[in-house]
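Peer 1: Below are the sequence and a predicted model; questions follow.
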Amino acid sequence: MDNPSVKKSQLNDLMQTAMEKVREMVDTNTIVGQPITTPDGVTLIPISKVSFGFGGAGGDYGKTQPKDFGGGSAAGVKIDPVAFLVIRDGITRVLPVAVPPVSTLDRVVEMVPDLMDKVEKYFDKKEAKETF
């Protein structure tokens, strides 16, 4: 007689094995990497985007022996570098690794941090002149 719980257990085992392998490959150190310190004191922290997927299937084979089970599972991981956090003299910046911006809006968004730094430096210089 057919035992569906055994077949379900076999399929669950396949899926759990695939997920365990994905967990081994993908952890927080994969997304936010270990800090790298250069000799001049700059710290670089790699940031990555991780995509993964898995699937599995199983089936019964043999008309006279329905207990025969065949199945398979697969998993895949894709890791793309996104940026580096650059820490120098207490100032943190994001250094993107992505393709250069294509649209005007992308360029404007990319320029905002540099523009903010320049405005901040301008006001710091102006404030320093007023105090003397």
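Peer 2: Nice, I can see it. These numbers come from a predicted model, not from an experiment.
Peer 1: Sheet partners, orientation included, of the longest strand anywhere in the chain?
Peer 2: When the chain is parsed with DSSP state E, its longest strand is strand 68-88. Its sheet considered, strand 68-88 pairs with strand 43-61 (antiparallel), strand 91-96 (antiparallel) by DSSP bridges.
Peer 1: Distance of the residue lying closest to residue 94 once chain neighbours are set aside relative to residue 92?
Peer 2: Leaving aside its chain neighbours, residue 94 sits nearest to residue 83 (5.2 Å; criterion: CB to CB, 6 or more residues apart in numbering). C-beta here means a position set from N, CA and C on the backbone, and glycine is covered the same way. Distance of residue 83 to residue 92, given as CB to CB, to the nearest Å: 12 Å.
Peer 1: How about stretch 69-79, which residues are buried there?
Peer 2: 69, 73, 75 (16 or more other CB atoms under 10 Å).
Peer 1: count of residues packed around residue 84?
Peer 2: 18 (other CB atoms under 10 Å).
Peer 1: which residues touch it?
Peer 2: 44, 45, 46, 47, 94, 95, 97 (CB atoms under 8 Å, 6 or more residues apart in numbering).
Peer 1: Let me see the domain layout of this protein.
Peer 2: Domain assignment for the chain by automatic domain parsing gives 4-98, 100-132.
Peer 1: Can you tell me which of these has the worst average pLDDT?
Peer 2: Among those, domain 100-132 carries the lowest mean pLDDT, at a mean of 75.
Peer 1: can you give me how far stretch 12-23 is from the chain middle?
Peer 2: 20 Å (CA atoms, centre = their mean, to the nearest Å).
Peer 1: Next, the buried residues of it.
Peer 2: 14, 15, 18, 22.
Peer 1: For that stretch, list the C-alpha coordinates in PDB.
Peer 2: What follows is stretch 12-23 as a C-alpha-only set of coordinates in PDB (Å, rounded to 0.1, in the frame of the first residue of the first chain):
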ATOM      1  CA  ASN A  12      11.300  17.400   2.300                       C
ATOM      2  CA  ASP A  13      14.800  16.000   2.900                       C
ATOM      3  CA  LEU A  14      15.800  17.000  -0.600                       C
ATOM      4  CA  MET A  15      14.500  20.600  -0.100                       C
ATOM      5  CA  GLN A  16      16.100  20.900   3.300                       C
ATOM      6  CA  THR A  17      19.500  19.800   2.000                       C
ATOM      7  CA  ALA A  18      19.300  22.400  -0.800                       C
ATOM      8  CA  MET A  19      18.400  25.100   1.700                       C
ATOM      9  CA  GLU A  20      21.200  24.100   4.000                       C
ATOM     10  CA  LYS A  21      23.700  24.400   1.200                       C
ATOM     11  CA  VAL A  22      22.300  27.900   0.200                       C
ATOM     12  CA  ARG A  23      22.700  29.000   3.900                       C
END
